[in-house]
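J.: show me the folded form of this:
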Amino acid sequence: MPTPFTHTIIMHNILKTLTLTVVVAACSSAHNEAEDHHHHHSDIIHVSAAQMANADIETGLPETRLMGRQIHCSGMADVPPNSRADIAAPLGGFVRKAPHYEGAQVKKGDVLVSLTHPNYIQMQQDYLDAESQMAFLKRDYERQEQLKEGEAASSKRVQETKSNYMTMKARRNGLHNQLLIAGLNPEKISTNGIEPMVHLRAPFDGIISSETVNYGKQVGPEDVLYQMYDPSHMHLELQVFPKDLALLEIGQQLRYRIQGTDEWRNGHIVLLGGGVNPTTRTVRVHAHPDEHDARLRPGVFLQAVIHVDTEEASTLPESAFEVEEGVYYVFVVHEEGFRRKPIKIGRKSEGYVEILEPLTEEVVVRGAYYLTEVEESDHDH
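T.: Numbering: from 1, shown residues only. This is a model prediction of the structure:
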């Protein structure tokens, strides 16, 4: 039978055990609270305003963009045949004026080249002579017609005067057209007399793309003196492989950029080529920019992405994401800083990523890499 002393010792041990249990439990609870407190605050990344500015951090909301399959291709800028012109002297001559340089903008009717040559003078003399003789023969023919009506002239005489008049009229008309081809104005010559120079004029508003002319140079009909084009009709000539042609249709949207630049512009398909180029084994696709692009010049090389099976999607730029073990994260704006959040993604296109879940919160769209470094630094401490 236990004695009072023994009972006292047992009770003391029980109290000691209970006290130790309470202390351990309290310590464990305090430790868990500390861990919870640390875990709660480790999710928030604190960045000062100065750090935001120095790291060039930008925030924003998801952007709706067209996403779909893509066909990558290349090509060059060009203009239609009616928007290009080679300026040449149909009858040759000696250059007396050539005021424009390559790259100059000219208006329709501006004088590009002025030439002289004895042949031009002779042609004008022949025209004026033919015009004068034609007028004389016309009056003679009309007079013979009147005499015939009064039976004072024979039919043979009337026919002779008519033949002479028609022959001279044909000659005069031929010289008239030759003067027009040469760049001379027959009506002006009839009124003011012989022009000492022939002026070749711009056929439309445009830009001089090349010049191979100088003062005093003798040129022939085969010599191209200037080349020019109309930039308002600039288009894109893209080369697509035949296997992709079935996926294309008129009106499809595309994005293009000048090779070596970073700026993308929008365009659309206007015409699909019919034949396969035997050298490149590609098909030509004719496209237009959605807006006038002053950067384009004939022959400039382009890179393009044609969107196929497109649909609108919510997207963020690639710079908004942190990738860790295959999981994509974004940094959501929080009242105390930024909070890292995992997010499901879909397709990628031209530096943008589709997000597959609703995201109404503002997130970091540029500078996520800096927040990743800050987060890793905090964990190290």
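J.: do a quick rundown of the helices in this protein.
T.: Secondary structure of the chain by DSSP state H: the helices cover 4-42, 49-54, 118-149, 155-182, 186-192, 242-245, 368-380.
J.: which other helices and strands contact the shortest one?
T.: With contacts taken as 3 or more CB pairs under 8 Å, 6 or more residues apart in numbering; DSSP states H and E, helix 242-245 sits against no other helix or strand. No exception for glycine: its C-beta is placed from N, CA and C like everyone else's.
J.: now that helix - C-alpha only, CSV.
T.: Extracted C-alpha coordinates of helix 242-245, given in CSV (Å, rounded to 0.1, in the frame of the first residue of the first chain):
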residue,chain,number,x,y,z
PRO,A,242,2.7,25.4,-101.5
LYS,A,243,1.8,23.1,-98.5
ASP,A,244,0.6,26.2,-96.6
LEU,A,245,-1.4,27.7,-99.5
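J.: touching it from outside, list them.
T.: Residues outside helix 242-245 that contact it (CB atoms under 8 Å, 6 or more residues apart in numbering): 71, 73, 272, 276, 281, 282, 283.
J.: tell me how many other residues crowd residue 232.
T.: Neighbour count of residue 232, defined by other CB atoms under 10 Å: 11.
J.: if I look at the nearest residue to it once chain neighbours are set aside, how far off is residue 233?
T.: Excluding the flanking residues, the one nearest residue 232 by CB to CB, 6 or more residues apart in numbering is residue 292, at 7.3 Å. In this view, residue 292 and residue 233 are 10 Å apart by CB to CB, to the nearest Å.
J.: which one's more surrounded, the two?
T.: Neighbours were counted for residue 292 and for residue 233 using other CB under 10 Å; residue 233 has more, 15 against 9.
J.: you'd agree that one is up against residue 84?
T.: No. Using CB atoms under 8 Å, residue 233 is not in contact with residue 84, being 9.5 Å away.
J.: just the buried residues out of the contacts of helix 242-245, in ChimeraX syntax.
T.: Typed into ChimeraX, the next command selects the buried ones out of these (criterion: 16 or more other CB atoms under 10 Å):
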select :71,73,272,282,283
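J.: any idea which of the contacts of helix 242-245 is closest to residue 262?
T.: Proximity of those to residue 262 (CB to CB) peaks at residue 73, which lies at 18.4 Å.
J.: quick one, phi/psi of the residue nearest to residue 232?
T.: Dihedral pair for residue 292: phi -60, psi 130, per degrees, to the nearest 10.
J.: ok, now which ones touch the residue nearest to residue 58 when sequence neighbours are not counted?
T.: In this structure, residue 58 finds its nearest non-sequential neighbour in residue 366, 4.2 Å apart by CB to CB, 6+ apart. Contacts for residue 366 (CB under 8 Å, 6+ apart) come out as 56, 57, 58, 317, 319, 320.
J.: wait, isn't the third one in contact with residue 368?
T.: Spelled out, that is residue 58. No. Using CB under 8 Å, residue 58 makes no contact with residue 368, being 10.1 Å away.
J.: these two: who's more crowded?
T.: Neighbours were counted for residue 58 and for residue 368 using other CB under 10 Å; residue 368 has more, 24 against 13.
J.: quick one: residue 283 and residue 239 touch, right?
T.: Yes. Contact criterion CB under 8 Å: residue 283 and residue 239 qualify, at 7.4 Å.
J.: circling back to that earlier point, out of the contacts of helix 242-245, which is nearest to residue 168?
T.: Distances from residue 168 to the contacts of helix 242-245, taken by CB to CB, are shortest for residue 272, at 55.2 Å.
J.: list the contacts for the closest one?
T.: 245, 248, 249, 250, 283, 285, 286.
J.: verify the stated contact: the fourth one with residue 273.
T.: No. In this structure, residue 250 sits apart from residue 273 without contact. The criterion is CB under 8 Å, and the distance is 12.0 Å.
J.: between these two, which has more neighbouring residues?
T.: Between residue 250 and residue 273, residue 273 has the larger neighbour count (other CB under 10 Å), namely 16 against 12.
J.: ok, the nearest residue to residue 126 once chain neighbours are set aside to residue 94 distance?
T.: Leaving aside its sequence neighbours, residue 126 sits nearest to residue 175 (CB to CB, 6+ apart; 5.6 Å). Distance, residue 175 to residue 94, using CB to CB: 22 Å.
J.: more neighbours: which of the two?
T.: Neighbours were counted for residue 175 and for residue 94 using other CB under 10 Å; residue 175 has more, 20 against 16.
J.: who does residue 69 bridge with?
T.: When bridges are called by DSSP bridges, residue 69 pairs up with residue 308.
J.: thanks a lot, catch you later.
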